[in-house]
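K.L.:
Predicted model and sequence follow; I will ask about them next.
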Amino acid sequence: MKNFIPFLKKPAYVPVIHLSGIIGGRSRGLSDAGLAPLIERAFQRGKPTAVALVINSPGGSAAQSSLIAARIRRLAEEKKVPVHAFVEDVAASGGYWLACAANDIWVDQASIIGSIGVIFASFGFPDAMARLGVERRVITAGRSKSFADPFLPQKPEDVERLRALQTPIHQAFIDYVKTRRHGKIDPEADLFNADVWVGQQAVDLGLVDGIAHVVPKLKALYGEKVRLVPLGQRRSMLQRLGMAATDGLLQSVDERALWTRYGL
C-alpha cells in the first residue's frame, strides 16, 4: 500500500553482496565473470541507497581481485551509490583489495586484515623423481617454456624472473591501496610487506575505518527500517556438496593452505 502513497518515504534499500572464498579459485572461487551478474544487479535494480560487501577471503588471483574491484568502483561511480565493506574472519591479500573498493571498511575486533603483497607458491619433485629413477625429458621451442618446471631443480634465474613478475603486481596493489585509502593510512607505517593486523590494530593504522557489524552499522547509517537484501553466487548442487568434478586434490590443498595461514 505504501507504494501507492507518494508522500510516505520508502525505507532505504541496501543490497548485501557476500564475497566469501578464494579469489580466482576455479569452480569454487570468486571471479569477475562469475560475480558480474550479481554486482550489476546490486547496483542497477531497485534504486539502492547503498551497496554493502560482506568479505571473507584470504586472497588469490591478483588479476581477478583487480577486475572485481574495478567493476564495483565503476558501477558505484556511475550510479553515485556509496559502498560499505564489512569484514568477517579475514580480508587479506586479494580479500583486502576487494575491501578497498568500498568507501569505508568495517571489521570485527578479531578480523585479520592486510597481507599487501604477492606470492608465488609451487612444489618441487626433482629429488623424489631421482630416487624413483625417473628421468625428466623436456624439449622446448623458446628458452622460457620450461620456466619454473616443478620436476626440475629450482634455478636462480627462474627465481629472479619470478620476482620481476611479482614486482609490478605488488606495486599495482600498493598504488590501489594508497589511492583508495588516501588520507587515512598512516604514512609512517610499514604497511606493504605482507604483514597482517587484527581488528583495532588495522583501525589504528588507517587500513580500515572502525569496528562495526553489518546490520547495526547499516541501521545506524540508513535508519532502523533499512531493507537489507542478501545476494550471493549461485552454486550447483555438486559444488554445494563439495563434489564438483573439476576440483582436484592439489587445488583443494592449495586453497586449504591459504585459509590455514590465518588459522581458519
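P.N.:
The structure has been received and is ready for your questions.

K.L.:
what about the helices in the protein?
P.N.:
Using DSSP state H, the helices of the chain run over residues 32-44, 62-79, 94-99, 126-132, 156-180, 200-205, 214-222, 237-240, 249-260.

K.L.:
Adding mean neighbour count and mean pLDDT as columns, could you present those helices in CSV?
P.N.:
For glycine as for every other residue, the C-beta is placed from the backbone atoms N, C-alpha and C. Formatted as CSV, these follow (neighbours: other Cβ atoms under 10 Å; pLDDT from 0 to 100):
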stretch, mean neighbour count, mean pLDDT
helix 32-44, 17, 95
helix 62-79, 18, 96
helix 94-99, 29, 97
helix 126-132, 11, 65
helix 156-180, 14, 83
helix 200-205, 18, 97
helix 214-222, 16, 97
helix 237-240, 12, 47
helix 249-260, 14, 64
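
K.L.:
Mind putting those helices into JSON lines with distance to residue 229?
P.N.:
As requested, the helices of the chain are exported to JSON lines (distance: least, Cβ to Cβ, whole Å):
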{"stretch": "helix 32-44", "distance to residue 229": "9"}
{"stretch": "helix 62-79", "distance to residue 229": "16"}
{"stretch": "helix 94-99", "distance to residue 229": "20"}
{"stretch": "helix 126-132", "distance to residue 229": "52"}
{"stretch": "helix 156-180", "distance to residue 229": "25"}
{"stretch": "helix 200-205", "distance to residue 229": "28"}
{"stretch": "helix 214-222", "distance to residue 229": "11"}
{"stretch": "helix 237-240", "distance to residue 229": "21"}
{"stretch": "helix 249-260", "distance to residue 229": "28"}
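
K.L.:
Nearest to residue 191 among the ones you listed would be which one?
P.N.:
helix 200-205 (6.5 Å; Cβ to Cβ).

K.L.:
packing partners for the closest one?
P.N.:
Under the contact definition 3 or more Cβ pairs under 8 Å, 6 or more residues apart in numbering; DSSP states H and E, helix 200-205 sits against strand 112-114, strand 210-211.
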